[in-house]
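Peer 1: Output the structure for:
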Amino acid sequence: MRKISKVMVKRLVNGKGGVMISDSAASAIAALLEKKASRIARYAVKRAKSKRRDTVMAEDIESYRVRFGD
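Peer 2: Here you go, the predicted model:
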């Protein structure tokens, strides 16, 4: 089951340059975003636990961006 919907992806893409997006393209983008978000979430949870916190903070996400350049 998708966590990021095609509808949300279509909303993000439509209106950018006046082009439409197909269902298959929206699904492909959603799959990539889910994979990336999952990778970031795993990193952020590990980092929060290493800091002895039970809560993921924005700094954990920022740390991912700084470390991996995304």
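Peer 1: How far off centre is the helix or strand bottoming out on mean pLDDT in the chain?
Peer 2: Least confident helix or strand of the chain, by mean pLDDT, DSSP states H and E, is helix 6-13 with a mean of 91. Centre-to-centre, helix 6-13 and its host chain are 14 Å apart (Cα atoms, centre = their mean, to the nearest Å).
Peer 1: what's next to it, contact-wise?
Peer 2: The contact list for helix 6-13 (Cβ atoms under 8 Å, 6 or more residues apart in numbering) reads V19, I21, D23, A25, A26, S27, I29, A30, L33. For glycine as for every other residue, the C-beta is placed from the backbone atoms N, C-alpha and C.
Peer 1: could you point out which element follows it?
Peer 2: Next helix or strand after helix 6-13 toward the C-terminus (DSSP states H and E): helix 23-50.
Peer 1: Okay, angle between that following helix and helix 6-13 too, please.
Peer 2: 90 degrees (axes from the mean of the first three to the mean of the last three Cα atoms, to 10 degrees).
Peer 1: got the buried residues for helix 23-50?
Peer 2: For helix 23-50, the neighbour count (16 or more other Cβ atoms under 10 Å) marks A26, S27, I29, A30, L33, I40, Y43, A44, R47, A48 as buried.
Peer 1: Which single one of the residues you listed is nearest to R65?
Peer 2: The closest of the buried residues of helix 23-50 to R65 turns out to be I40 (Cβ to Cβ; 8.5 Å).
Peer 1: Skipping its backbone neighbours, what lies nearest that closest one in space?
Peer 2: Spatial nearest neighbour of I40, chain neighbours left out: Y64 (5.2 Å); criterion: Cβ to Cβ, 6 or more residues apart in numbering.
Peer 1: Touching, the one you found and A44? I think so.
Peer 2: Yes. Assessed by Cβ atoms under 8 Å, Y64 is found in contact with A44 at 6.3 Å.
Peer 1: For A26, give its distance to G18.
Peer 2: Going from A26 to G18 by Cβ to Cβ, to the nearest Å gives 17 Å.
Peer 1: Kindly report the same for K35.
Peer 2: Distance from K35 to G18, counting by Cβ to Cβ: 28 Å.
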